[in-house]
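Asker: Just need the structure, nothing else, for what follows:
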Amino acid sequence: MELAALLPVLLVVVGLLVQPACLFYARAVMGAAAAEGARVLATKAAGVTDEQVTAFVRRRLAAVPNSPLWHEGDWEVEVDGSEGSAEARVRVKGRARPWPLLGWVAAAFADAADGLVTLDVEVKGAVRPSWLGGSYGDWKGAW
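Answerer: Down below sits the predicted model:
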């Protein structure tokens, strides 16, 4: 009798713990992928294109299971770090579909619309520190 009364409560508590954990994991992987992409973009070697950096970030995002609870649809990856820019920026956006009864919990941690929770991570990295004077050619010549 007690099991019949406690089992639904226990399952709801476990669901309340699992749903945010899945979203936090996806967001952590997104942040790490964006940070690695920004680092690659900031130290861009000759011949590396924005498309290659985007592909690099997407490979890192493969660590998130393509399941509605974790991630649904395609990743939106924005890369901005053109030549001469002082900053490299990578933005990753994804969507997850929370469990029906627990959507309000997931919505507390991220934007929610149409039953989907939007996870958005943006990482900016300085290409050159502000204190570093001279051009790259000057530094190359010094060494």
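
Asker: After the longest helix seen in the chain, which helix or strand is next?
Answerer: In the chain, assigned by DSSP state H, the helix with the most residues is helix 2-42. Next along the chain after helix 2-42, taking DSSP states H and E as the criterion, comes helix 50-60.

Asker: So for the chain, the centremost residue is which one?
Answerer: Nearest to the geometric centre of the chain sits residue 30, at 2.1 Å (C-alpha atoms, centre = their mean).

Asker: give me the element residue 120 is part of.
Answerer: Assigned by DSSP H and E, residue 120 falls in strand 116-126.

Asker: and that strand, average pLDDT?
Answerer: Average pLDDT, strand 116-126: 85.

Asker: in its sheet, what does it sit against?
Answerer: strand 87-96 (antiparallel), strand 111-113 (antiparallel) (DSSP bridges).

Asker: what's the least confident stretch among those strands?
Answerer: Among the strands paired with strand 116-126, strand 111-113 scores lowest, at a mean of 71.

Asker: quick check, distance from that strand to the centre of its chain.
Answerer: 16 Å (C-alpha atoms, centre = their mean, to the nearest Å).

Asker: now stretch 16-31
Answerer: On C-alpha atoms, centre = their mean, the centre of stretch 16-31 falls 11 Å from that of its chain.

Asker: in it, what's buried?
Answerer: 19-20, 22-23, 26-27, 29-30 (16 or more other C-beta atoms under 10 Å). Yep, even glycine has a C-beta here, placed from its N, CA and C like the rest.

Asker: and which of those residues is nearest to residue 122?
Answerer: residue 30 (9.8 Å; C-beta to C-beta).

Asker: how about residue 61, what does it touch?
Answerer: Going by C-beta atoms under 8 Å, 6 or more residues apart in numbering, residue 61 touches 29-30, 33, 75, 77, 92, 94.

Asker: Phi, psi for residue 68 please.
Answerer: Backbone torsions for residue 68, taken as degrees, to the nearest 10, come to phi -50, psi -30.

Asker: Looks like it contacts residue 96 (just checking).
Answerer: Yes - the criterion here is C-beta atoms under 8 Å, and residue 68 meets it with residue 96 at 6.7 Å.
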